[in-house]
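# Generate a structure from the sequence data that follows.
(one chain, ligands or ions: 1)
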Amino acid sequence: MTNKELIEKLNKDKSLEKSQWVKLISSFSENDALFAKKLARKIADENFGKSVYIRGIVEFSNYCKNDCTYCGIRRSNKNCERYRLTKEEILECCDEGRKLGFMTFVLQSGEDKTYSTAALCDIVKSIKKKHPDCAVTLSLGEMEYADYKALFEAGADRYLLRHETASKAHYEKLHPEEMKFEKRMECLENLKQIGFQTGCGMMVGSPFQRAEDLAEDMLFISRFKPHMVGMGPFIPHKDTPFAAEKAGSVELTLFLISLLRIMLPKANIPATTALGTLHPLGRELGVQAGANVVMPNLSPTAVRKKYALYDNKICTGDESAQCINCLQSRLKNIGYEIKISRGDYENV
Ligand code: SAH
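Next up is the predicted model:
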């Protein structure tokens, strides 16, 4: 089959064989990408129109017990200046976000165990009490079933936990031995079973990644049927063992966004900050390739630079209001508008 036929088959069956994924990912041309993009955008337009959902990210702590080789806030990075926000500071970010039109707050952090599950539940409850019309998404890494369940019962609506790579051998090249591939996958199953709108995702172009690994990612995603997929290019961070590695490809990331949209018509797929970091119009290109979400930063400007997962992250010097205005005009330039809404996954 030609690549164009494979894309059509994906549209029809919502899945491909592994060898077909490998072929498509390793041999797509500019024309194939254009074909996928047009189809993906048509599907996105049918489901979301010219609207893009916004999620405000509050990066509330960069302490992390983990040591992921690619990540700038890994515990062994001694150059990382650590910070934690208090409950009151987190609430202030959400209050400001709500004024700016955000109706989803994403609380993200390193795996910082100084926040007990009870404390996190209290934060979630307080946000939901103050902003009952808003959704709370958590992105706090791996936890036990009971902790996830408690957070769900406290009112958290969604959980993002990128699987990072669906190939065990590749996972082990990106993580220290104490981090287990099976555990990550089990967490994702638990999240979905508990009832969260659940997001997985991978980095594109992470070190040692081959087309076969990305094929495994697409196979996993087609089986798992996440409600959200967060996928961005890998970008090296200077204080990690991967400092000298190459960043992922913008073209491949955009192509994969299109394929994801074709496979999962209703999924919430962000055009990520990492994509915007590698290309000045990365987020716009992501939306044009089929993404329907952008996730501007709501963290206090004073801490933004410290939440450096990778080098040269954009928008770290801005106020939240500046970020949203900037995105609004960027989207307007390509014919899209921000939709003020929770932007839930349909049919949950
Ligand atoms: N501790 C949470 C949040 C992690 S940070 C968790 O474990 O889920 C959010 C995401 O940033 C990660 O899942 C990873 O995919 C991405 N990330 C980390 N380092 C990166 C890098 N160097 N380049 C691109 N993305 C990176």
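# what's the burial count for Asn47?
When neighbours are counted by other CB atoms under 10 Å, Asn47 registers 14. Yep, even glycine has a C-beta here, placed from its N, CA and C like the rest.
# wait, it sits on Lys266?
Yes. Counting by CB atoms under 8 Å, Asn47 touches Lys266, with 5.5 Å between them.
# Name all residues that sit in contact with those two at the same time.
Listed as contacting both Asn47 and Lys266 by CB atoms under 8 Å, 6 or more residues apart in numbering are Glu346.
# Quick one: end-to-end length of stretch 274-282, please.
Terminal residues of stretch 274-282 are spaced 8 Å apart (CA to CA, to the nearest Å).
# That one vs the ligand: in contact?
Yes. Looking at stretch 274-282 against the ligand by CB under 6 Å from any ligand atom, the contacts come from Ala274.
# Show me what counts as buried in that stretch.
With burial defined by 16 or more other CB atoms under 10 Å, the residues of stretch 274-282 counted as buried are 274-279, 282.
# Ok, stretch 281-299 next?
Here stretch 281-299 shows 282-299 as buried, counting by 16+ other CB under 10 Å.
# Next, Phe196: phi, psi?
Torsion angles at Phe196 (phi, psi; degrees, to the nearest 10) stand at phi -70, psi 150.
# nope, Phe105 is what I was after
According to degrees, to the nearest 10, the main-chain angles of Phe105 amount to phi -110, psi 130.
# OK, contacts around it?
55-56, 58, 93-94, 97, 127, 131, 134-137, 298.
# and the residues you listed, which of them are in helices?
Among those, the members found in helices (DSSP state H) are 93-94, 97, 127.
# Need the max-distance pair from the buried residues of stretch 274-282.
Spanning the widest gap among the buried residues of stretch 274-282 are Ala274 and His279, at 10.1 Å by CB to CB.
# Show me what from the stretch 51-200 of the chain comes close to the ligand.
Neighbours of the ligand within the stretch 51-200 of the chain, by CB under 6 Å from any ligand atom: 70-71, 108, 110-111, 139, 141, 161-162, 164.
# how about a cut-off of 8 Å?
When proximity is defined by CB under 8 Å from any ligand atom, the stretch 51-200 of the chain lies next to the ligand at 64, 66, 68, 70-73, 108-111, 139-142, 160-162, 164.
# do the stretch 201-348 of the chain as well
Looking at the ligand, the residues of the stretch 201-348 of the chain close enough under CB under 8 Å from any ligand atom are 201-203, 206, 230, 232-237, 240, 242, 247-248, 274, 309-310.
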